[in-house]
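# coordinates for the following, if possible.
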Amino acid sequence: MRTSREKATTEPPAREVGPPSMALFMRESIAVAELGACLLAVPLWPLGARGDGHPVLVLPGLLQSDISTLPLRMFLASRGYSVYGWAAAATPGARMRSTGIC
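Next up is the predicted model:
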């Protein structure tokens, strides 16, 4: 029977992961334009379908906090849903072991 220590030594060696490319890094700046588009769409919110009041839990993306979901939560609340955010610090990132980095 293998122990957890033996299993750890049989894992393939971790491959080195470098930083993201400049193109991917620059793509993150699109978020500012997306926020502006969202704010411009606020007058159109009343045209959306009405909700039935059931609860909706909105989870932020990886390493994000509730601030990143605020426009979506505001829209859902305006449509009649009972909206709940993550209500915690930023979501945890991937664990190093699960990504194969260490």
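
# so which elements touch the longest helix anywhere in the chain?
If you go by DSSP state H, the chain has its longest helix at helix 30-40. Under the contact criterion of 3 or more CB pairs under 8 Å, 6 or more residues apart in numbering; DSSP states H and E, helix 30-40 touches helix 70-78. To be clear about C-beta, it is placed using only N, CA and C from the backbone, and glycine gets the same treatment.

# ok, now which ones touch Leu76?
Counting by CB atoms under 8 Å, 6 or more residues apart in numbering, Leu76 makes contact with Gly51, Val56, Val58, Val83.

# next, the last one: secondary structure please.
The one in question is Val83. Put simply, Val83 is strand when judged by DSSP: H, G, I helix; E, B strand; the rest coil.

# going forward, the N-terminal residue is numbered 710.
Let's use 710 as the start, then, which means that last one is Val792.

# now for it, how many residues are close by?
Per other CB atoms under 10 Å, the neighbour tally for Val792 reads 19.

# correct me, but it touches Val765?
Yes - using CB atoms under 8 Å, Val792 is in contact with Val765, at 5.2 Å.

# give me the below-cutoff pLDDT ranges for this structure.
The model of the chain has pLDDT under 70 over residues 710-718, 798-811.
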